[in-house]
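Trainee: Task: produce atomic coordinates for the following.
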Amino acid sequence: MFTTFLILVMGFFAGEGIGYFIHRMLHSPISGILNQKHMTHHLKLYPTTDFYSEKYRSPGKDNTVFIFAAILLALSGLMFLLFSFKIAAIVSAEFLVLGLLNDYLHDIFHIKPNWLEKYGWFQRLRVIHYYHHVDMSKNFGIFTFLSDRVFKTFHK
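Mentor: Next up, the predicted model:
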């Protein structure tokens, strides 16, 4: 039981860090077309002057969520080669849950009204995410900002 808990904790930190670096990479011009596609979300669909909508404005062909999914899928496959089946299965399932949670929360940050608005924790996360749209060099996390704090990119 303790081993499973330890695997979950390590998987959480790994997933959080990987998500941070992917998101940060998408904000770098070095990532080329991926940066351009990601900027569709920030500059065209949800600029700071029009951050909310009644339903999510999909980026369509400019969607970069597949980048997160592809990298996490590749890492999950690699884990099955490097670690025991138990470790690889637990962390892969955790990556899936964290990915879906990040994607859902990110989408709903931009939808108003929504069912989570009544919760203070959600309102705080939305404000932190809004600041990411104001200053795209800050707050790369979605519901946890551990890597932002470590790499000094967190702004409250």
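Trainee: Near M79, how many other residues are there?
Mentor: As a burial measure, M79 scores 20 neighbours (other C-beta atoms under 10 Å). C-betas here are computed from N, CA, C, even on glycine.
Trainee: can you tell me which residues contact it?
Mentor: The neighbours of M79, taking C-beta atoms under 8 Å, 6 or more residues apart in numbering as the test, are I87, A88, V91, S92.
Trainee: for F13, same thing?
Mentor: Under the criterion of C-beta under 8 Å, 6+ apart, the neighbours of F13 are L146.
Trainee: what about it, which helix or strand?
Mentor: helix 2-26 (DSSP states H and E).
Trainee: quick one: that helix to chain centroid distance?
Mentor: Once both centres are worked out by C-alpha atoms, centre = their mean, to the nearest Å, helix 2-26 turns out to sit 11 Å from its chain's centre.
Trainee: Could you list the residues in contact with whichever helix or strand comes after it?
Mentor: In the C-terminal direction, the helix or strand that comes right after helix 2-26 (DSSP H and E) is helix 33-39. With C-beta under 8 Å, 6+ apart as the contact definition, helix 33-39 has outside contacts at M25, L26, H27, S28, P29, S31, P59, K61, D62, N63, T64, I67.
Trainee: Cool, thanks, talk later.
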